[in-house]
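Chemist: Below is the sequence, then the predicted model.
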Amino acid sequence: MDPDANLAEQQRLTRRMLTAYFDHDPSNEDPGNGIDQDDAARLCELVHALDTWISQGGFLPRAWQKARV
């Protein structure tokens with residue numbers, strides 16, 4: 001698994017879902033909250049996969065690693 005690609009996809013989906021949620025007009029005929037359920041499911045898969053990866057000794061995504069001085 002590539003934790004950097006995983007994190008990048010998580011960030012992309014999160015931005016898209018937050019935009020959909022806050023731009024959603026509840027007065028229209030769509031009773032949902034604007035969030036695509038496939039995006040929500042994919043984000044859950046990615047979070048679980050990254051958690052499993054790290055829990056089993058995998059390295060952190062570069063963005064989460066502390067800079068070495």
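Modeler: Arrived safely, thanks for sending.
Chemist: And for stretch 42-56, what's in contact with it?
Modeler: The list of residues contacting stretch 42-56 from outside it, by C-beta atoms under 8 Å, 6 or more residues apart in numbering, reads 1, 3, 6-7, 9-10, 13-14, 17, 60-61. Using the backbone N, CA and C atoms, a C-beta is placed for each residue, glycine as well.
Chemist: one more time with 7 Å, if that's ok
Modeler: 1, 3, 6-7, 9-10, 13-14, 17, 60 (C-beta atoms under 7 Å, 6 or more residues apart in numbering).
Chemist: Among these, name the ones in helices.
Modeler: Residues of the contacts of stretch 42-56 located in helices (DSSP state H): 3, 6-7, 9-10, 13-14, 17.
Chemist: Dump those to TSV, plus distance to residue 55 and neighbour count.
Modeler: Putting these into TSV (distance: C-beta to C-beta, whole Å; neighbours: other C-beta atoms under 10 Å) gives the following:
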residue	distance to residue 55	neighbour count
3	12	19
6	14	17
7	15	17
9	19	16
10	16	18
13	21	20
14	21	13
17	25	18
